[in-house]
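[1] Let's see this in three dimensions:
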Amino acid sequence: MSASRLPEQPVSASAVPPPQRPRTPRAGRNLWAAIAVGLSMGAAILVALYTVRQVFIGIVAATVAISTWELAGALRRAGIGVSLPPVLVGGQAMVWLAWPFGPDGILIAFVITALLCLVWRFPRGAAGYVRDVSASVFSAAYVSGFAAFATLLVVPVDGAARASCLMFAGVASDVGGYATGVLGGRHLMAPSISPKKSWEGFIGSLAVGTAAGALAVTLLLGGQWWQGVLFGAAIVLTATGGDLVESLIKRDLGVKDMGTVLPGHGGLMDRMDSLLPSAVVSWLLLSVLVPA
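    Numbering: from 1, shown residues only. Modelled structure (predicted):
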């Protein structure tokens with residue numbers, strides 16, 4: 001051994017720097033990817049609405065099919081079986097029959113879907129029958145049944161404007177809550193359900209969503225300002241409730257996202273969670289406040 005070299009000393013574990021974890025963006029997701037995807041989807045929907053409204057219904061139908069597939073996959077990973085063929089076919093029937101037959105078309109298609117789910121599950125026997133059938137009927141109602149009300153929105157002559165009101169208020173609620181929650185969220189709204197949702201974010205959603213609802217209803221439908229305020233506030237409440245409902249579902253199933261089809265967003269179902277109940281409330285409120 002050379003006299004100029006000292007014997008190597010063992011390196012203690014405490015002296016080894018811990019591996020660097022990838023930094024998580026403060027926003028909690030790939031913001032630029034989320035913006036790009038959101039703008040692309042919004043542009044496609046607006047073009048469909050103001051050109052051929054049936055194309056918009058086709059977009060709703062495709063979204064329902066993908067979201068149903070994602071939800072069924074998450075349930076399957078948790079050991080719950082969904083009767084996918086009748087739920088998928090019945091979902092398309094609910095969306096498309098709403099155009100010529102209105103709410104009656106949705107109800108009839110849903111009832112037939114539920115009956116088929118009862119029978120479809122027969123070959124797998126009694127074990128888990130109630131659980132699986134309940135999940136199948138829930139999937140049909142939660143995704144397809146709620147989404148079919150978006151079809152009802154576009155049926156009137158001013159249907160494109162009605163659907164736009166839902167879009168603008170819903171997007172404004174999401175953007176307002178996201179921005180204020182990231183920048184100043186301190187007081188958690190429901191930490192056991194959604195650890196990132198704050199009261200500050202909800203206030204931001206309420207402010208921006210209500211303003212967007214007021215502008216949309218007055219400018220697009222010729223309604224009164226107070227009708228728009230009521231509409232916007234209702235959309236914020238239902239959108240927030242929809243987020244929390246899906247958070248509960250994902251926590252119960254032990255999944256982070258329903259899918260990975262949308263960069264920066266997760267699954268398509270992860271974007272539909274706030275819009276599904278909002279579509280129902282939009283149709284109900286606008287039918288009463290601003291009749292076609």
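[2] Pull up the distance across stretch 133-149, start to finish.
    Taking Cα to Cα, to the nearest Å as the measure, stretch 133-149 stretches 24 Å from start to finish.
[3] hey, where'd the strands end up in this protein?
    188-190, 194-198 (DSSP state E).
[4] closest to residue 105 out of the ones you listed?
    strand 194-198 (34.5 Å; Cβ to Cβ). For the C-beta atoms, the positions are set from N, CA and C on the backbone; glycine is no exception.
[5] For the closest one, which residues meet the burial criterion?
    Across strand 194-198, burial judged by 16 or more other Cβ atoms under 10 Å covers 194, 197, 198.
[6] Then stretch 127-141?
    The neighbour-count check on stretch 127-141 (16+ other Cβ under 10 Å) flags 132, 133, 135, 136, 137, 138, 139, 140, 141 as buried.
[7] Rebuild the buried residues of strand 194-198 as CSV, extending it with distance to residue 96 and pLDDT.
    Converted to CSV, the buried residues of strand 194-198 look like this (distance: Cβ to Cβ, whole Å; pLDDT from 0 to 100):
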residue, distance to residue 96, pLDDT
194, 34, 82
197, 35, 84
198, 40, 88
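[8] OK, contacts around the closest residue to residue 276 other than its chain neighbours?
    What sits nearest to residue 276 in space, not counting adjacent residues and going by Cβ to Cβ, 6 or more residues apart in numbering, is residue 146, at 4.0 Å. For residue 146, the contacting residues are 276, 277, 279, 280, by Cβ atoms under 8 Å, 6 or more residues apart in numbering.
[9] What of residue 160?
    Applying Cβ under 8 Å, 6+ apart, we find residue 160 in contact with 49, 50, 53, 56, 154.
[10] From residue 259, how far out is the closest residue to the third one other than its chain neighbours?
    In this case it means residue 53. Excluding the flanking residues, the one nearest residue 53 by Cβ to Cβ, 6+ apart is residue 154, at 4.8 Å. Going from residue 154 to residue 259 by Cβ to Cβ, to the nearest Å gives 26 Å.
[11] who has more neighbours, these two?
    Shown here are residue 154 and residue 259; by other Cβ atoms under 10 Å, residue 154 has more neighbours (22 against 19).
[12] residues contacting the more buried one?
    Applying Cβ under 8 Å, 6+ apart, the residues near residue 154 are 49, 53, 56, 57, 160, 162, 163.
[13] what does residue 109 give?
    Counting by Cβ under 8 Å, 6+ apart, the residues that residue 109 touches are 90, 93, 94, 97.
[14] between those, which has the most around it?
    When neighbours are counted by other Cβ under 10 Å, residue 94 leads these with 29 neighbours.
[15] Correct me if wrong: it contacts residue 114.
    No. Counting by Cβ atoms under 8 Å, residue 94 stays clear of residue 114, with 11.3 Å between them.
[16] Now for those two: what residues contact both?
    Common contact partners of residue 94 and residue 114 (Cβ under 8 Å, 6+ apart): residue 140.
[17] how many other residues sit next to residue 288?
    Neighbours of residue 288 (other Cβ under 10 Å): 9.
[18] hang on, the earlier thing: with distance to residue 205 and pLDDT as new columns, can the contacts of residue 154 be given to me in a markdown table?
    Below are those laid out as a markdown table (distance: Cβ to Cβ, whole Å; pLDDT from 0 to 100):
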| residue | distance to residue 205 | pLDDT |
| --- | --- | --- |
| 49 | 24 | 87 |
| 53 | 28 | 86 |
| 56 | 25 | 93 |
| 57 | 28 | 94 |
| 160 | 25 | 94 |
| 162 | 21 | 96 |
| 163 | 20 | 95 |
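[19] what's the most distant pair in those residues?
    The most distant members of these, if one measures by Cβ to Cβ, are 57 and 162, lying 13.5 Å apart.
[20] The two: which has the busier surroundings?
    Neighbour count, other Cβ under 10 Å: between residue 57 and residue 162, residue 162 has more, with 26 against 20.
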